[in-house]
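*Asks:* Predicted coordinates and the sequence they were generated for:
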Amino acid sequence: MASEPAPIEVRGLVKRYGDLTAVDHVDLTVRAGDVYGYLGPNGAGKTTSLRMMLGLIRPTAGSVRLFGRDPARTVRALEGVAGFVEAPRFYPYLSGRRNLELLADFDGGGARGRIDAVLDTVELTDRARDRVGGYSHGMGQRLGIAAALLRKPRLLLLDEPATGLDPGGMRDMRRLVRRLAGEGMTVLLSSHLMNEVEELCNRVAIVRSGSIVYEGEIADLKHAAGATYRLRTTDDTVALEVCRRQPGVADARCEGGDVRFAADETTVAELSGALIAAGALIVELAPELATLEELFFSLTEGPAAAAPGGHALSPSGAAA
Ligand SMILES: Nc1ncnc2c1ncn2[C@@H]1O[C@H](COP(=O)(O)OP(=O)(O)OP(=O)(O)O)[C@@H](O)[C@H]1O
Ligand SMILES: [Mg+2]
């Protein structure tokens, strides 16, 4: 049990279309129980990567393993795996339920008996007898997840499941993903929405022009980027002077009536002593970690994939 292969292991994955490299040496590992975010702007190669993971297209180079099996070589690799890329496709002139029945018959293995349960999970029971052609975008997405759940997957791959949904639909989709993860399902979802990934995922791959610029824990990414601190004291003029003199403090300035600076935790602890010694008593001292959104832009725009503060951003060893 302990040595079971990871749900997804991608190594050196490349996909070229003529001169265009859509996916460029991607390495990532999705572990059992992860809700893993595959985050990148439009055209970063998310859908192309997911297509290779689902065995829908062949990699130019590199490998995908799902629970140790190669989806490009054997459909058995997709046992226990479900998902869809872009929008799920159904017969528009048939009802949601009828579409699921056809899929269940194709899958076999008692899938028909699960239809009511999966419709209930995605909250489509009330509309299950309506033609899919009349479904809203959000209902179509939910039917796609219902179809995936029919297969009782251990691993679910979703390509931008919440894109195009209204705020209520997005909230429901996130709730659903969280619920499935809570039931023990491993989920990989692509997204270009930082707040969605930050809210849902424990680990993330951030892609830019086909390449991974960060892979790992979201919390580690934020810590690697370091924190800026906001400081209020009984004498901010003195405090600013002390900050500027304190070794290890960078970028000390007055902003919006507060003193702000960048530093690591050890420096901050030493600084607090220096402030008191100088007679500037601390009223408020708060770290402000960069949001994932700020980090995303610093990683996916601009020339270098380096974090603010100059820390390397590749705990996984992926090329920065
Ligand atoms: N079949 C194809 N033929 C030629 N180029 C392709 C093909 N599929 C994808 N591409 C190109 O590969 C790049 C990555 O596309 P992909 O659809 O994977 O991006 P994405 O990250 O999913 O973007 P989006 O957020 O817009 O969905 C794009 O430049 C795209 O034009
Ligand atoms: Mg896409």
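*Replies:* Arrived safely, thanks for sending. Numbers count the residues shown, from 1 in each chain. Ligands and ions are numbered 1, 2, ... in the order given.

*Asks:* What is the neighbour count of residue 273?
*Replies:* 10 (other CB atoms under 10 Å). In short, each C-beta sits where N, CA and C put it, glycine included.

*Asks:* And residue 25, by the same measure?
*Replies:* 16.

*Asks:* Now do it against residue 16, distance only.
*Replies:* 11 Å (CB to CB, to the nearest Å).

*Asks:* cool, residue 73 as well?
*Replies:* Relative to residue 16, and taking CB to CB, residue 73 is found at 20 Å.

*Asks:* Could you do residue 235 as well?
*Replies:* With CB to CB as the criterion, residue 235 and residue 16 are 62 Å apart.

*Asks:* Tell me which of residue 73 and residue 16 has more neighbours.
*Replies:* Using other CB under 10 Å, the more surrounded residue of residue 73 and residue 16 is residue 16, with 14 against 11.

*Asks:* Bridging across strands, which residues link to that one?
*Replies:* Judged by DSSP bridges, the bridge partners of residue 16 are residue 21.

*Asks:* Touching, it and residue 45? I think so.
*Replies:* No - assessed by CB atoms under 8 Å, residue 16 is found out of contact with residue 45, at 11.0 Å.

*Asks:* pLDDT on stretch 209-224, on average?
*Replies:* Averaging pLDDT along stretch 209-224 yields 84.

*Asks:* can you tell if it touches ligand 1?
*Replies:* No - for a cut-off given as CB under 6 Å from any ligand atom, stretch 209-224 has no contacts with ligand 1; the smallest distance is 6.9 Å.

*Asks:* Pull out the buried residues from that stretch.
*Replies:* 210-216, 218, 221-224 (16 or more other CB atoms under 10 Å).

*Asks:* Equivalent analysis for stretch 196-211, please.
*Replies:* For stretch 196-211, using 16+ other CB under 10 Å, the buried residues are 196-198, 200-201, 203-208, 210-211.

*Asks:* Out of these, name the ones that lie in helices.
*Replies:* 196-198, 200 (DSSP state H).
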